[in-house]
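Chemist: Need a 3D model of the following:
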Amino acid sequence: MRNLHWTCLTAGAIALGAVSPAASHHSHAMYDHEKDVFISGTVMNFAYVNPHGSLDVAVMEKGKMVKYWIEMSNLTNMVSRGIKKTTFKPGDNVTIKMHPLKDGRPGGSYVTIKTGDHTFE
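Modeler: All right, here's what the predicted structure looks like:
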């Protein structure tokens, strides 16, 4: 009986250990990492949050304003790249190199963001 208890406890710990890392982070499979797309527009909103920040950018396309949603990195990576909570403000002009969403919606995962004379990678 004692061996059964330890066997069940060990099996449970292994199962939780295997599932936990998979559940703690989402996939980037929705982005086309084979393509780089460039957009230029005006910052609407910058969310400096975990697990990933995001940047909403208004882009003029064919005479219409289109809102792009850009997924940023996590806070630790953004800080190491010089991105702070105050780096992007509404009204700032930006040029973004990104991996686009595979489904064609306006958005993607950023590769670089240029503001004025500074480029964030």
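
Chemist: Quick check: bridge partners of residue 96?
Modeler: On the basis of DSSP bridges, residue 96 is bridged to residue 39, residue 113.

Chemist: thought it was touching residue 112?
Modeler: Yes: at 7.2 Å, residue 96 counts as touching residue 112 under the criterion of CB atoms under 8 Å. Quick note: C-beta positions are derived from backbone N, CA and C, even for glycine.

Chemist: more neighbours, those two?
Modeler: Taking other CB atoms under 10 Å, residue 96 and residue 112 do not tie; residue 96 has more neighbours (22 against 14).

Chemist: Tell me who's in contact with that one.
Modeler: Listed by CB atoms under 8 Å, 6 or more residues apart in numbering, the contact partners of residue 96 are 38, 39, 40, 41, 55, 57, 68, 70, 110, 112, 113, 114.

Chemist: go on, residue 97?
Modeler: By CB under 8 Å, 6+ apart, residue 97 lies in contact with 36, 37, 38, 110, 111, 112, 113.

Chemist: Tell me where the chain has helices.
Modeler: With DSSP state H as the criterion, the chain has helices at 2-23, 75-80.

Chemist: just to revisit the earlier point, quick one: buried ones out of the contacts of residue 96?
Modeler: 39, 41, 55, 57, 68, 70, 110, 113, 114 (16 or more other CB atoms under 10 Å).

Chemist: how about TSV for those, with distance to residue 82 added?
Modeler: Listed next are these as TSV, based on distance: CB to CB, whole Å:
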residue	distance to residue 82
39	21
41	21
55	15
57	19
68	22
70	17
110	14
113	11
114	13
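
Chemist: hmm, which two among these are most spread apart?
Modeler: 68 and 114 (14.9 Å; CB to CB).

Chemist: about what we covered before: between the helices of the chain, which gets the lowest average pLDDT?
Modeler: Looking at the helices of the chain, the lowest mean pLDDT belongs to helix 2-23 (a mean of 50).
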